[in-house]
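> Sequence plus the predicted model coming up.
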Amino acid sequence: MIVDHLKPPYYAVIFTTIVTDTLEGYAETAERMEELAKQQKGYLGIESARAEIGITVSYWKSLEAIVEWKNNVEHTEARNLGREQWYKKYQLRICKVEREYGFEQ
């Protein structure tokens, strides 16, 4: 699903991954993190695609909201599991979205 109700400015956290062959519990944890993020103050939405390369973009009202999400205990535990088991590599980017536009047929 494309998140299309946002009004700039807002922030995007882009999480790009390459996974290992050991993915036991990964899908369940990813689903739980999405549910948990939706409960965080400042959360605006999420878009995700996971195939050869995983890309998840979450949207946030402020940098402070992003830090609160990073420091969430359950999110920290999931992040540690990712480093230990699921990810060969990941890159995280935080961007301020100042303008957006789209198209729908």
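Yes, it's here.
> so who does the nearest residue to Ile14 once chain neighbours are set aside touch?
Nearest non-adjacent residue to Ile14, counting by CB to CB, 6 or more residues apart in numbering: Arg93, 4.3 Å away. Heads up, the C-betas are built off the backbone N, CA and C, glycines and all. Contacts for Arg93 (CB atoms under 8 Å, 6 or more residues apart in numbering) come out as Val13, Ile14, Thr16.
> tell me the SS of the first one?
Secondary structure of Val13, reduced to three states by DSSP: H, G, I helix; E, B strand; the rest coil: strand.
> ok, it to Glu84 distance?
21 Å (CB to CB, to the nearest Å).
> next one: the second one
Between Ile14 and Glu84 the computed distance is 22 Å (CB to CB).
> Please apply the same query to the last one.
Note on Thr16: its distance to Glu84, by CB to CB, is 19 Å.
> Counting neighbours, go ahead and name the busier of those two.
Thr16 (14 against 10; other CB atoms under 10 Å).
> List of residues touching the lowest-mean-pLDDT helix or strand in the chain?
Every helix and strand in the chain was compared by mean pLDDT, DSSP states H and E; the lowest is strand 43-50, with a mean of 92. Contacts with strand 43-50, where a contact means CB under 8 Å, 6+ apart, come from 1-3, 5-6, 10, 17, 30, 34, 37-38, 54-61, 65, 69.
> which parts of it are buried?
Within strand 43-50, the residues scored as buried using 16 or more other CB atoms under 10 Å are Tyr43, Leu44, Gly45, Ile46.
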